[in-house]
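Engineer: pasting a predicted model and its sequence here:
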Amino acid sequence: MKILVVDDEMDVRVLFEQRFRREIRSGEFSFSFAYSGEEALAYLHEHASEVVLILSDINMPGMSGLELLRHIRQEYPAPPAIPSLQVMMITAYGDETSRLQAMQLGASDFLTKPVDFAALKTKLISLENHEN
């Protein structure tokens with residue numbers, strides 16, 4: 001399963017690569033990283049058919065994660081474009097307003113930082129099993 005992680009924090013890459021080392025090595029998960037909403041859209045324009053899941057931070061300079069989500073839902077609507085594209089939002093601020101806005105824009109889940117990687121891994125495996 002191809003996952004695009006969008007976060008302006010550069011160290012997020014190392015964190016994900018450490019926490020999912022076994023799954024990456026086995027080929028179960030493949031991660032790509034974008035460090036802004038704009039970079040994520042550019043990546044999607046070239047690799048949209050490969051990506052199954054986007055994990056996006058909400059609070060980023062420039063384009064916020066919510067703006068990115070809005071663009072994704074406009075550019076890549078449900079079937080037939082990308083039938084399985086899921087977007088999970090991640091934020092350090094677990095406020096209800098952001099959560100509601102994310103869900104209204106079509107987010108499939110809402111996670112708070114620090115990310116509970118055991119719970120995330122369970123969700124990803126469940127999503128992967130649902131895809132197959």
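Structural biologist: Yes, it's here. These figures come from a predicted structure and were not determined experimentally.
Engineer: who's in contact with the residue nearest the centre of the chain?
Structural biologist: Central residue of the chain (Cα atoms, centre = their mean): L55, 1.5 Å from the mean position. Counting by Cβ atoms under 8 Å, 6 or more residues apart in numbering, L55 touches 3-7, 88, 90, 111. Heads up, the C-betas are built off the backbone N, CA and C, glycines and all.
Engineer: now the most far-flung residue of the chain relative to its centre: phi and psi?
Structural biologist: Using Cα atoms, centre = their mean, the residue of the chain lying farthest from its centre is S26. It sits 20.6 Å away. Per-residue torsions, S26: phi -80, psi -10 (degrees, to the nearest 10).
Engineer: pLDDT at it, what is it?
Structural biologist: S26 is assigned a predicted lDDT (pLDDT) of 96.
Engineer: ranges for the helices of the chain?
Structural biologist: With DSSP state H, the ranges of helices along the chain come out as 12-19, 21-26, 37-47, 65-75, 96-104, 117-131.
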